[in-house]
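Undergrad: attaching a predicted model along with its sequence, questions to come.
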Amino acid sequence: MDKLSAEQRHKNMAAIRSKDTKPEVIVRKGLWSRGFRYRLNSPRLPGHPDLVLRKYRACIFVNGCFWHGHNVQFTIHHLQCTINDSLHGNRTDPTEQDLIENSECCKIPKSNREFWVAKIRRNQQRDVEEQKRLAEMGWHCITVWECELKPSVREETLKSLAFTLNKIWLADHSVRKPYPEMEENNGVLMAAEERDNE
């Protein structure tokens with residue numbers, strides 16, 4: 001049961017922002033201090049990515065673990081138990097509680113559980129669809145989770161993010177054609193094309 005009244009809960013939920021959240025500001029400051037420049041919440045791209053780095057053709061989504069269901073999974077064990085129970089007549093309707101396994105960083109509330117499960121599933125499906133559309137447009141999508149920005153692992157996450165962006169840039173700007181093969185002939189290096197002409 002919820003400890004807050006309906007008005008208090010409404011006020012709390014309405015105060016949750018979608019832009020300029022604390023995890024997003026941490027990522028922005030970390031990237032800016034490492035020399036990366038970006039645009040915020042681009043309205044032209046599907047999903048309105050939190051950060052857009054055009055130079056790297058990269059979109060960064062900073063997701064809250066609860067709102068996007070980080071590591072929340074269906075469990076095979078619970079599915080099998082529910083099926084067996086319904087076959088033997090013990091229980092006919094499987095509940096969502098049996099089908100969902102919480103993660104360390106995302107615990108689905110017990111009150112109004114069906115609503116939250118449906119909302120988180122819709123968010124996950126929308127995230128996948130938007131990232132597919134961005135990939136089709138040639139953008140690289142990176143997701144940073146709120147739990148990866150805890151003080152104990154924050155610096156490691158930001159270093160990994162910078163490494164990934166640099167790797168993307170190098171892959172996109174590397175030389176496409178390899179240099180001609182060089183072979184040695186009497187101590188003199190010769191290109192393979194010149195050797196074929198002789």
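TA: Ah, there it is. The structure displayed is predicted, hence computed values, not measured ones.
Undergrad: does residue 60 really touch residue 45, like I thought?
TA: No - judged on CB atoms under 8 Å, residue 60 makes no contact with residue 45 at a distance of 11.5 Å. Glycine gets a C-beta too; all of them are placed from N, C-alpha and C.
Undergrad: show me what whatever helix or strand residue 29 lives in is packed against.
TA: Assigned by DSSP states H and E, residue 29 belongs to helix 22-33. Helices and strands touching helix 22-33, by 3 or more CB pairs under 8 Å, 6 or more residues apart in numbering; DSSP states H and E, are strand 51-53, strand 58-63, helix 154-173.
Undergrad: related to what we said a few turns ago, give me the more crowded residue out of residue 60 and residue 45.
TA: residue 60 (24 against 16; other CB atoms under 10 Å).
Undergrad: any idea how far that one lies from residue 121?
TA: 23 Å (CB to CB, to the nearest Å).
Undergrad: where do the strands of this protein begin and end?
TA: For the chain, the strands defined by DSSP state E cover 39-40, 51-53, 58-63, 73-74, 100-101, 140-145, 182-185, 188-191.
Undergrad: the third one pairs with which strands?
TA: Using DSSP bridges, the neighbouring strands of strand 58-63 in the sheet come out as strand 51-53 (antiparallel), strand 140-145 (parallel).
Undergrad: so which of those strands is the most packed in?
TA: Among those, the stretch with the highest mean neighbour count (mean count of other CB atoms under 10 Å) is strand 51-53, at a mean of 21.
Undergrad: can you list contacts of it?
TA: Residues from elsewhere that reach strand 51-53, judged by CB atoms under 8 Å, 6 or more residues apart in numbering: 24, 27-28, 31, 36-40, 42, 45, 58-60, 62, 165.
Undergrad: kindly recompute the last result at 6 Å.
TA: Residues from elsewhere that reach strand 51-53, judged by CB atoms under 6 Å, 6 or more residues apart in numbering: 38, 39, 42, 59, 60.
Undergrad: which residue is the nearest non-sequential neighbour of the second one?
TA: With CB to CB, 6 or more residues apart in numbering as the measure, residue 52 is the residue that lies nearest to residue 39, at 4.6 Å, once sequence neighbours are left out.
Undergrad: same thing with the last one?
TA: Once its chain neighbours are removed from consideration, residue 60 has its nearest residue in residue 51; the separation is 4.1 Å (CB to CB, 6+ apart).
Undergrad: that'll do, ta.
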